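S.K.: build me a structure from this.
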Amino acid sequence: MARKTNYSYEKRQKELAKKKKKEEKRQRKLDKKKKPADEQEPLAQQDVDQL
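M.R.: Have a look, this model is predicted:
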């Protein structure tokens, strides 16, 4: 007799993978938002120092 496939386990694994991917994407977006702001500040300081 063939074993019954555990679809709920597969579904849970798929959901966890989606959640992980979504979280990583959210984190990348936050880092991307943060990084340009960090890069712009030193440029502003350099302009002030040159004057």
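S.K.: so where do the strands sit in the chain?
M.R.: With strands called from DSSP state E, the chain shows none.
S.K.: residue boundaries of the helices in it?
M.R.: 7-50 (DSSP state H).
S.K.: quick one: low-confidence residue ranges for it.
M.R.: Applying pLDDT under 70 to the chain flags residues 36-51.
S.K.: mind running it again at 50?
M.R.: Scanning the chain for pLDDT under 50 picks out 43.
S.K.: would you mind writing the CA trace of stretch 13-31 as CSV?
M.R.: The C-alpha trace of stretch 13-31 is given here as CSV (Å, rounded to 0.1, in the frame of the first residue of the first chain):
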residue,chain,number,x,y,z
GLN,A,13,7.5,24.3,4.1
LYS,A,14,6.4,26.4,1.1
GLU,A,15,4.9,29.0,3.3
LEU,A,16,8.0,29.2,5.4
ALA,A,17,10.2,29.6,2.3
LYS,A,18,7.9,32.4,1.0
LYS,A,19,8.0,34.1,4.4
LYS,A,20,11.8,33.9,4.5
LYS,A,21,12.1,35.3,1.0
LYS,A,22,9.7,38.1,1.7
GLU,A,23,11.6,39.0,4.9
GLU,A,24,14.9,39.0,3.0
LYS,A,25,13.5,41.3,0.3
ARG,A,26,12.1,43.7,3.0
GLN,A,27,15.5,43.8,4.6
ARG,A,28,17.2,44.5,1.3
LYS,A,29,14.8,47.4,0.7
LEU,A,30,15.5,48.8,4.1
ASP,A,31,19.2,48.5,3.6
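S.K.: next, the buried residues of it.
M.R.: Of all the residues in stretch 13-31, not one is buried under the rule 16 or more other C-beta atoms under 10 Å. Every residue, glycine included, has its C-beta placed from N, CA and C.
S.K.: next, the contact list for Arg26, please.
M.R.: Counting by C-beta atoms under 8 Å, 6 or more residues apart in numbering, Arg26 touches no other residue.
S.K.: how close does it sit to Lys20?
M.R.: 11 Å (C-beta to C-beta, to the nearest Å).
S.K.: for Lys29, same thing?
M.R.: Counting by C-beta to C-beta, the separation of Lys29 from Lys20 is 15 Å.
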